[in-house]
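1. The sequence and its predicted three-dimensional model are supplied below.
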Amino acid sequence: MSDLTRWDPFQEMTTLRDAMNQLLTDSFVRPRGLADGSQVPMDLYETEHEYVVNVAVPGLKPDNFEITMQQHVLSIRGQTQTTQQENARYHIREQRFGSFMRTVQFPSQVDAERISAHLADGILTVRIPKVEAAKPKRITVSTN
């Protein structure tokens, strides 16, 4: 005697919904050219004296980066390595591996000679000082 399995139409709908969510995520949230690991999370903020770029790069060492500044454009290139287990069948694999590149164009002059980069706890921090002319100047108002 064989076991009968009741057909559940909603089970197939769930699978279709998951497939559509993945399609939309890959197509719009993460454009196709960036879905292969070329995108790493980055924060950029500005203070009165400098721009600061933070890039999340867990597991990388300083030797894994090439950082350049040319004509107001900062480029950060790197390479992440895969650690695939032998004889393993992955059910979920969300970590991205391969080369990546992030570029930032700054709206004002920066002091390229004083740029510094520091790697700690999986965060690459690049500090880009502004030139004196780009810093805001406080102007006092006088009377008479």
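-> That came through fine.
2. Quick check: end-to-end length of stretch 65-85?
-> Using C-alpha to C-alpha, to the nearest Å, the end-to-end distance of stretch 65-85 comes out at 25 Å.
3. Show me which positions of that stretch end up buried.
-> Phe65, Ile67, Met69, Leu74, Ile76, Gly78, Thr80 (16 or more other C-beta atoms under 10 Å). The C-beta positions use only the backbone N, C-alpha and C, and glycine is treated the same way.
4. So for the fourth one, what's the pLDDT?
-> pLDDT recorded at Leu74 is 93.
5. Provide the partner residues of the spatially closest residue to Asp111 that is not a sequence neighbour in its beta bridges.
-> In space, Asp111 comes closest to Pro129 once its chain neighbours are excluded; the distance is 4.4 Å by C-beta to C-beta, 6 or more residues apart in numbering. When bridges are called by DSSP bridges, Pro129 pairs up with Glu50.
6. Would you confirm that Pro129 contacts His49?
-> Yes: here Pro129 reaches His49: they are 6.4 Å apart, a contact under C-beta atoms under 8 Å.
7. For these two, indicate the residue with more neighbours.
-> Pro129 (18 against 13; other C-beta atoms under 10 Å).
8. so where's this protein uncertain?
-> 1-2, 8-15, 25-38, 134-135 (pLDDT under 70).
9. Which parts of it are strands?
-> Secondary structure of the chain by DSSP state E: the strands cover 42-46, 50-56, 65-70, 73-80, 98-105, 116-120, 123-129.
10. any chance of those strands in JSON lines, plus distance to Gln22?
-> Shown next, in JSON lines, are those (distance: least, C-beta to C-beta, whole Å):
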{"stretch": "strand 42-46", "distance to Gln22": "24"}
{"stretch": "strand 50-56", "distance to Gln22": "23"}
{"stretch": "strand 65-70", "distance to Gln22": "31"}
{"stretch": "strand 73-80", "distance to Gln22": "22"}
{"stretch": "strand 98-105", "distance to Gln22": "20"}
{"stretch": "strand 116-120", "distance to Gln22": "33"}
{"stretch": "strand 123-129", "distance to Gln22": "29"}
